[in-house]
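Undergrad: below are the sequence and a predicted model; questions follow.
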Amino acid sequence: MKAEDWLQSSIMSKRAVAKGAAGKTHSLTIEQQGKFHYVCGPYAKPTLSIDPGGIVVVETEDAFGGVLTSESDSPTAKLNFPYLNPQCGPIAVKGAKKGDCLAVYIHDVETRGEQPAGTTCIIPEFGGLVGTSSTALLNPPLPERVKKLHVDRNGVRWSDKITLPYEPFIGTIGVSPEIEAISSLQPDYHGGNMDLPDVAPGAVLYLPVHTEGGLLYVGDCHATQGDGELSGVALEQRATVTLQIDLIKNWSFAWPRLETRDFIMTIGSARPLEDAARIAYRELTRWMSADYGFDEIDAYMLLSQAGRMRLGNMVDPKYTMGASILKNYLKA
């Protein structure tokens, strides 16, 4: 089955304004974007305004703003915190209001730019196994290191002996909060820097709307990443992202949701990590009760047997977990 084939049975096709039908195609190049954004918030003028169902082809910059060009570069010298993780957009969807939901179908994430197109690195006091500003330790920071890698659809050339699969996804995607502006480095109820590998081609991401137009931000694409993004940095890449953005009226919830051909998922972000897991599982329990006919306690008991957890990141200002259940169990 092609990735698009299952879309006809998706929530997006059943409930959205455009019923999952593709509308007009729009372009959002680096030149059209102009200034990038480093917060997700309601105070930026939309770069683009589209009708529900519109397709947007977006050129994204990598999380470093493209400044790490050589393995001899120093991240400390070249990166300008907090101006990291540049975001394209925001993209406004006509008719979207608070209480609605944006449905974002990810058609493709394609590497762009000259080779070596992938970059990963060690940044002092950043990562899952080191002392950080939040986890303050006396140990000296790890030495900086930059690794540049050839990336294409055939794989990621880690070394002469190791080729990793090309498994691209969107590390940061989210809507605007209602009043505050949240750093593009942080995941939260609006989406943001979730670093969740399931936000990939073939999936639909559902984001609750908090402000007029929804205001969708997108950037920080990865060529591949292990669960947890352990060192704090995935295989960062510039990318061309193709999104189909629809609108579901009068459907709202607390945290992002995701749907694939095989499962539904709810996404929570918090510290400590177990609170992110609790948020995700609580939201999945409530979704099963609200839309799939389960008694809430029965859903809770079923998830104890059949629920699955995906670790997005354990390195950002908040950590991200995705709780899922196979669709087969929802048909009972």
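TA: The structure has been received and is ready for your questions.
Undergrad: make it CA atoms for all contacts and neighbour counts henceforth
TA: OK.
Undergrad: what's the pLDDT at residue 331?
TA: At residue 331, the pLDDT value in this model is 84.
Undergrad: that one and residue 307, how far apart?
TA: Per C-alpha to C-alpha, to the nearest Å, residue 331 is found 15 Å from residue 307.
Undergrad: residue 74 against residue 144, yeah?
TA: Yes. With contact defined as C-alpha atoms under 8 Å, residue 74 reaches residue 144; the gap is 6.8 Å.
Undergrad: list residues touching both of the two?
TA: Taking C-alpha atoms under 8 Å, 6 or more residues apart in numbering as the criterion, residue 74 and residue 144 do not both touch any residue.
Undergrad: circling back to that earlier point, neighbour count: residue 331 and residue 307, which is higher?
TA: Per other C-alpha atoms under 10 Å, whichever of residue 331 and residue 307 has more neighbours is residue 307, with 18 against 8.
Undergrad: what's near enough to touch that one?
TA: Taking C-alpha under 8 Å, 6+ apart, we find residue 307 in contact with 323, 324, 325.
Undergrad: a markdown table please, covering the residues you listed and showing pLDDT.
TA: Listed next are the contacts of residue 307 as a markdown table, based on pLDDT from 0 to 100:
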| residue | pLDDT |
| --- | --- |
| 323 | 98 |
| 324 | 98 |
| 325 | 98 |
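Undergrad: any idea which of those residues has the most stuff around it?
TA: Neighbour max across the contacts of residue 307 (other C-alpha under 10 Å) = residue 323, 28 neighbours.
Undergrad: state the helix or strand in which that residue lies.
TA: Using DSSP states H and E, residue 323 sits in strand 319-326.
Undergrad: how about that strand as CSV, C-alpha atoms only?
TA: C-alpha atoms of strand 319-326 as CSV (Å, rounded to 0.1, in the frame of the first residue of the first chain):
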residue,chain,number,x,y,z
TYR,A,319,11.3,16.1,27.0
THR,A,320,8.9,14.4,24.6
MET,A,321,7.1,11.1,24.6
GLY,A,322,4.5,9.6,22.2
ALA,A,323,1.9,7.1,23.4
SER,A,324,0.3,4.9,20.8
ILE,A,325,-2.1,2.0,20.2
LEU,A,326,-2.7,0.0,17.0
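Undergrad: gap between stretch 86-95 and the chain center?
TA: Distance of stretch 86-95 from its chain centroid, counting by C-alpha atoms, centre = their mean, to the nearest Å, is 15 Å.
Undergrad: residue 209 and residue 107, how far apart?
TA: Distance from residue 209 to residue 107, by C-alpha to C-alpha: 21 Å.
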